[in-house]
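Chemist: Requesting a structural model of the entry that follows:
(one chain, ligands or ions: 1)
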Amino acid sequence: MKAENRDIDLSININKARLLVVDDEERLLTSLQELLIANNYQADIALGGKNACVKLAKQQYDLVLLDLRMGDFSGHQVMDFMSERQIDTATIVVSGESSFSAVSKALRRGAYDYLKKPYVPEELLATVDNALQKKLLEKAHNAMQVRLKKSEELHRYIVNSSPDIVFMLDREGRFTFINNKVESVLGYHKRELLGQHYGAIINDKDVERASYIFKDSEQSGRTTRTIELHLKSRGENRAQRFFEVTVFPIESTAPGLKSAPDSSLKQLIGTYGTARDITERKEAEEFINFQAYHDLLTRLPNRALFKDRLSLAITHAKRNTQGLAVMFLDLDRFKVVNDTLGHAMGDRLLQSVSMRLENCLREGDTLSRFGGDEFTLLLPDISSKEDARKIARKVINVLKEPFILGEHEVFVGVSVGIAMYDEAGTNVEQLIQNADIAMYHVKGRGKDGYQFYSDTMNVTSSNRLKIERDMRNALDNKEFRVYYQPQINAATGGIIGVEALIRWHHPERGIIYPSEFIPLAEETKLIVDISEWVLKTACAEVKSWIDAGHSDIRLAVNFSPSQVEHPRFVNMLFKQLKEYNFPPENLEIELTENVIMNDLEHMIQKLSKLADHGITIAIDDFGTGYSSLNYLHKLPIHTLKVDQSFVHDIQNADNEACIVNAIVAMAHGLKLNIVAEGVETANQLEYLKSLGCHEIQGFFFGKARPADETILLINSSAHSKAS
Ligand SMILES: Nc1nc2c(ncn2[C@@H]2O[C@@H]3COP(=O)(O)O[C@H]4[C@@H](O)[C@H](n5cnc6c(=O)[nH]c(N)nc65)O[C@@H]4COP(=O)(O)O[C@H]3[C@H]2O)c(=O)[nH]1
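Modeler: Modelled structure (predicted):
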C-alpha cells in the first residue's frame with residue numbers, strides 16, 4: 001500500500017496546510033491570518049500582489065487566498081505569474097470585486113472558488129476546506145495518471161522488447177495486436193498485419209497444420225498448444241525461418257478485457273500467442289542429425305544410415321518377394337593418390353568419385369561412404385544378376401575415366417563385390433559382409449572388376465575363421481604344394497618354362513584351388529608368408545632341375561599385391577634367390593596390371609632393380625584390368641600374358657575380330673614376348689601361331705602338376721628336342 005502511494009503527493013494534510021493570504025489591506029490580512037491559524041492552518045501573508053509573487057516563487061503553498069484589486073499588482077496578474085511559473089497552487093479569490101468579468105477572468109485563470117468580501121468566517125473556512133479537498137483529489141488523480149502512463153510504457157517496452165513475436169487474434173483469426181518484433185524478425189510493418197488473417201504469414205505447406213492447432217486451441221478451451229511452423233517473411237534470405245508458435249485461447253473474463261454481456265458466461269474472444277524464432281536451433285539440430293548419418297566429406301549417407309536403409313529394403317523385399325543387391329566398392333589406386341598427391345587431393349578424389357557414382361544411379365538407390373576408400377551401394381528391386389551386372393559394369397566404367405585433380409590426371413579403378421538378396425544373405429550384416437568378401441576376391445587378383453558372392457567363397461564368418469585358422473596351420477603342417485604348368489614353345493612343342501601354381505592339400509577337403517583361398521589370404525595378409533613359401537619351394541625345386549641340366553628352364557611365379565607393395569620386396573627377393581643360388585635370369589615374376597598401377601612410381605623403381613639383375617617381368621591377365629598403354633613403355637616389362645578369356649574367344653582359325661589380334665600386334669610393336677594362357681584347343685593354338693604368338697600355356701599341353709611329374713615331362717620334352 002505504501003509503495004503504491006509513493007507517487008501520490010499526499011503532502012496536503014488539510015489541517016496542516018500552508019496557505020498564503022494576499023491583500024493590500026494590512027488589517028484584513030492579519031485578521032484573516034489569525035482566523036486561519038486559529039483553525040490549525042499555517043498561514044503566511046503577503047501585502048500586495050508583488051509581495052505575493054516573491055513569496056510564491058520561494059515557497060510552495062497549498063492554497064492562496066487572493067484579493068483581486070490591489071494597487072501595485074492585481075490578483076489577475078498574480079494568477080498569470082503563477083501560471084507562467086507553473087506554480088500549481090489552488091487559488092480562492094477573496095475580493096470585493098464582484099463584476100462578472102472580473103470573476104469569470106479569475107475562474108478562467110484557474111481559480112477554484114470565489115468569495116465575496118465581506119465574508120462570513122465559517123463560509124470562508126468551508127470554502128478553504130473544500131478547495132483543499134479538491135486539490136488533494138486532483139493531485140492524487142494526477143499521480144495515478146502518471147503511474148498508469150509509466151506502467152503502460154513499461155508493459156509496452158516489455159512486450160516490444162520480447163525476443164518473441166507476441167500477438168493476439170480475434171475469433172476469426174485476424175490480428176488485433178502484434179508487437180514490434182514482427183518487423184525485425186519477419187520484415188512486416190505491424191500496421192499491415194493488423195486486421196489480416198494469420199494465414200497470410202504462414203508458409204503454404206504449414207497452413208493446414210496451423211489451422212488445426214489454432215482451431216483446436218479454441219475448441220479445447222484452456223489448453224496451451226505449441227507447434228513448429230515456417231513463417232513467411234520479407235526478403236529472400238529469410239524465407240525459410242522456422243518458429244515455435246505457442247497459442248492459447250483468450251476468454252472474455254481475462255483481466256483487462258471487456259466483459260461479455262453476461263459476465264458469468266466465459267466466452268472465447270480470440271487467441272493469444274507467441275512465435276519464437278528457432279531457425280538457428282533447427283539448423284543446428286539438422287546439422288547434428290546430418291552429421292550422425294552422413295559422411296561430411298562426400299555428403300553421402302554413412303555406414304549407420306546405409307544399414308538402416310538396407311534393413312528397410314530387406315523388409316520390403318521379404319514382404320513383396322523381391323530381390324535386391326548390395327555392392328561393396330573399394331577403390332584400387334586411392335592410396336597412391338593420397339600418398340603421392342596429399343590428403344587434400346585424396347579428399348577431392350573421393351568427392352569426385354562420389355559424384356560420378358551418384359550420377360549413374362537411380363532414385364531409390366543408396367550410395368554410402370563406408371569408410372576410407374570404401375563405398376557401399378544398395379540397389380533395391382533388383383531381381384536378376386544381369387541387372388546387377390549391368391550396374392557393376394557401369395560403375396567400373398564410370399570410374400575408369402581419368403580424374404583431373406588440379407594439374408594432375410589420375411586413374412583409379414574399382415573392385416566391386418556383389419551380394420544378391422536372398423542368395424548371398426538374408427540380413428544386413430550377412431549381405432554387407434558377403435559383398436565385402438566378393439570384393440576381396442576381385443582384389444585378390446589385383447584387378448578392377450566385379451564378382452558375385454558365391455557359397456564357394458565360404459559364406460559364414462565362422463567358416464572364414466576356420467579357413468583362416470586352417471591356412472595358418474597349413475604352412476606348419478606342410479599342406480601346401482607347388483604345382484607347375486608347362487609353358488610351351490609353339491613352334492617346337494618344347495617346354496621353355498613352368499608357371500608355379502599353389503595347391504592346398506587340405507586334410508579334410510582334399511585339393512583346394514588358389515581362387516578359393518588366395519583372396520582370404522590376401523585379406524588377412526597371410527599371403528606374404530604363403531608367397532614366400534611358394535617362392536622358396538619353387539626356387540629350390542626348379543634349381544634342382546637347372547642343376548640337372550635344364551639350364552634354360554624358366555620359372556614363372558605369381559606375386560600378390562601385398563607382397564609387391566612391401567617396401568623390402570626387392571631385397572627379400574634377392575635374398576631368397578641368393579639362398580637357393582637361383583639364377584635371376586631364370587626367374588620371371590608375374591604381376592597383374594593393377595598391382596603395377598597401384599603405385600606406379602615405386603613400381604618403376606622396384607621393377608628396374610629386378611630387371612637390372614636379369615629377372616624378367618610378365619604382365620598377367622593382360623587386357624582385363626587397367627589396360628593402359630601409357631605405363632608399358634615406362635616399365636621394364638618383358639612379357640605380356642594374354643588372359644585366357646580372350647583365348648577362349650577364339651572360335652576357329654579364321655577368327656578375325658578378336659581382342660587377341662590387337663594384343664599380339666601391340667606386343668610385337670613394343671617388342672615384348674607374348675604368352676597365351678588357357679589354350680585348350682588345336683584351333684586356338686593354330687590361330688595364335690598364325691598371329692605370331694610363340695609361347696603357349698594351357699590344358700591343351702597339360703594342367704599344372706606336382707614337381708616330380710613336371711620334371712619327368714621336362715625330361716621327355718628335352719629328350720624329344722634332342723632326338
Ligand atoms: N580353364 C583353364 N584354366 C587354365 C588353363 N591353363 C591354365 N589354367 C589355369 O589358369 C590359371 C593361371 O594362373 P593365373 O592367371 O596366374 O591365376 C592364378 C594366380 O593369379 C593365383 N595364384 C596361383 N598360385 C599362386 C601363388 O603361388 N601366389 C599367388 N600370389 N597367386 C597365385 O591364382 C590364380 C588361379 O590359379 P589356378 O587355379 O592354378 O589357375 C591357373 C591355371 O590352372 C586352361 O587351358 N583352361
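Chemist: Quick one: end-to-end distance for stretch 158-168.
Modeler: Counting by C-alpha to C-alpha, to the nearest Å, you get 16 Å between the two ends of stretch 158-168.
Chemist: Could you do stretch 174-188 as well?
Modeler: Where stretch 174-188 begins and where it ends lie 15 Å apart, using C-alpha to C-alpha.
Chemist: buried set for that stretch?
Modeler: Neighbour-count burial for stretch 174-188, counted by 16 or more other C-beta atoms under 10 Å, picks out Arg174, Phe175, Ile178, Asn179, Asn180, Lys181, Val182, Glu183, Val185, Leu186, Tyr188. (Glycine included, C-beta is placed from N, CA and C.)
Chemist: do stretch 326-333 as well
Modeler: Val326, Met327, Phe328, Leu329, Asp330, Leu331, Asp332, Arg333.
Chemist: Adding secondary structure and distance to the ligand, write the buried residues of stretch 174-188 out as CSV.
Modeler: Below are the buried residues of stretch 174-188 laid out as CSV (DSSP: H, G, I helix; E, B strand; the rest coil; distance: C-beta to the nearest ligand atom, whole Å):
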residue, secondary structure, distance to the ligand
Arg174, strand, 81
Phe175, strand, 78
Ile178, strand, 77
Asn179, coil, 77
Asn180, coil, 78
Lys181, helix, 73
Val182, helix, 74
Glu183, helix, 75
Val185, helix, 68
Leu186, helix, 69
Tyr188, coil, 73
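Chemist: Does Glu192 belong to a helix, a strand or coil?
Modeler: helix (DSSP: H, G, I helix; E, B strand; the rest coil).
Chemist: State the number of residues packed around it.
Modeler: By the measure other C-beta atoms under 10 Å, the count of residues near Glu192 is 11.
Chemist: how about the nearest residue to the residue in the stretch 251-400 of the chain positioned nearest to the ligand, chain neighbours excluded?
Modeler: Minimum separation of the stretch 251-400 of the chain from the ligand (C-beta to the nearest ligand atom) falls at Asp332, amounting to 16.0 Å. Excluding its sequence neighbours, the residue lying closest to Asp332 (C-beta to C-beta, 6 or more residues apart in numbering) is Gly413, at 3.8 Å.
Chemist: pretty sure the one you found is touching Leu331, no?
Modeler: Yes. Using C-beta atoms under 8 Å, Gly413 is in contact with Leu331, at 7.4 Å.
Chemist: Quickly list what's touching both of those two.
Modeler: Shared contacts of Gly413 and Leu331 (C-beta atoms under 8 Å, 6 or more residues apart in numbering): Leu399.
Chemist: if we can go back for a sec, Ile714: which of the buried residues of stretch 326-333 is nearest?
Modeler: Taking C-beta to C-beta as the measure, Ile714 sits nearest to Asp332 out of the buried residues of stretch 326-333, at 37.4 Å.
Chemist: wouldn't that closest one be in contact with Val416 here?
Modeler: No. In this structure Asp332 lies outside contact range of Val416 using C-beta under 8 Å: 10.5 Å.
Chemist: residue ranges with poor pLDDT in the stretch 301-450 of the chain?
Modeler: 444-448 (pLDDT under 70).
Chemist: For it, which segments count as helices?
Modeler: 303-319, 334-341, 343-359, 385-400, 428-444 (DSSP state H, counting those that start in this stretch).
Chemist: Let me know the helix or strand that Arg503 is in.
Modeler: strand 495-506 (DSSP states H and E).
Chemist: Now do the buried residues in that strand.
Modeler: In strand 495-506, counting by 16+ other C-beta under 10 Å, buried: Ile495, Ile496, Gly497, Val498, Glu499, Ala500, Leu501, Ile502, Arg503, Trp504, His506.
Chemist: Can you give the strand pairings for it, parallel or anti for each?
Modeler: strand 480-489 (antiparallel), strand 510-512 (antiparallel), strand 554-558 (parallel) (DSSP bridges).
Chemist: Listing request: residues of the protein with sub-threshold pLDDT.
Modeler: Ranges of the chain meeting pLDDT under 70: 1-15, 216-222, 235-240, 252-266, 444-448, 456-463, 598-599, 623-630, 652-657, 721-723.
Chemist: Quick check: the gap between the spatially most central residue of it and Leu296.
Modeler: In the chain, the residue lying closest to the centroid (C-alpha atoms, centre = their mean) is Phe290, at 3.7 Å. Using C-beta to C-beta, to the nearest Å, Phe290 is found at 8 Å from Leu296.
Chemist: and what of Val428?
Modeler: Counting by C-beta to C-beta - Val428 and Leu296 are separated by 23 Å.
Chemist: Show me the domain layout of this structure.
Modeler: 4-153, 162-258+266-284, 297-459, 485-501+525-722 (automatic domain parsing).
Chemist: picking up where we left off before, the ligand: which of the strands paired with strand 495-506 is closest?
Modeler: Among the strands paired with strand 495-506, strand 554-558 comes nearest to the ligand, with 3.6 Å by C-beta to the nearest ligand atom.
Chemist: is the ligand contacted by the closest one?
Modeler: Yes. Using C-beta under 6 Å from any ligand atom, strand 554-558 comes into contact with the ligand via Asn558.
Chemist: Other residues contacting that strand?
Modeler: 487, 496-501, 531, 534-535, 538-539, 542, 582, 586-590, 616, 618, 620.
Chemist: near the ligand, from those residues?
Modeler: Intersecting the contacts of strand 554-558 with the surroundings of the ligand, defined as C-beta under 6 Å from any ligand atom, gives Ala500, Leu501, Ser531, Val534, Glu590, Asp620.
Chemist: In JSON lines, list the residues you listed along with distance to Lys50.
Modeler: Shown next, in JSON lines, are these (distance: C-beta to C-beta, whole Å):
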{"residue": "Ala500", "distance to Lys50": "136"}
{"residue": "Leu501", "distance to Lys50": "136"}
{"residue": "Ser531", "distance to Lys50": "127"}
{"residue": "Val534", "distance to Lys50": "132"}
{"residue": "Glu590", "distance to Lys50": "130"}
{"residue": "Asp620", "distance to Lys50": "129"}
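Chemist: Which pair in the buried residues of stretch 174-188 has the greatest spatial separation?
Modeler: Top of the distance list for the buried residues of stretch 174-188 (C-beta to C-beta): Arg174 and Val185, 20.0 Å.
Chemist: any idea how far Gly669 lies from the ligand?
Modeler: 24 Å (C-beta to the nearest ligand atom, to the nearest Å).
Chemist: Run a quick neighbour tally on that residue.
Modeler: So Gly669, with other C-beta under 10 Å, has 9 neighbours.
Chemist: Show the backbone phi and psi for it.
Modeler: With angles defined as degrees, to the nearest 10, Gly669 sits at phi -60, psi -40.
Chemist: got the residues of this structure near the ligand?
Modeler: Residues of the chain that fall close to the ligand, judged by C-beta under 6 Å from any ligand atom: 445, 485, 500-502, 513-515, 518, 531, 534, 558, 560, 590, 620-621, 644, 677-680, 697-699, 704.
Chemist: Of Val428 and Leu296, which one has the most company?
Modeler: Val428 (18 against 11).
Chemist: Check the gap between that one and Tyr440 for me.
Modeler: Counting by C-beta to C-beta, the gap from Val428 to Tyr440 is 19 Å.
Chemist: what's Gln576 in contact with, if anything?
Modeler: Contacts of Gln576 by C-beta under 8 Å, 6+ apart are Glu532, Leu535, Lys536, Cys539, Phe582.
Chemist: give me the element the fourth one is part of.
Modeler: When elements are defined using DSSP H and E, Cys539 is found to belong to helix 527-547.
Chemist: List the buried residues for that helix?
Modeler: Judged by neighbour count using 16+ other C-beta under 10 Å, the buried positions of helix 527-547 are 527-528, 530-531, 533-535, 537-543, 545-546.
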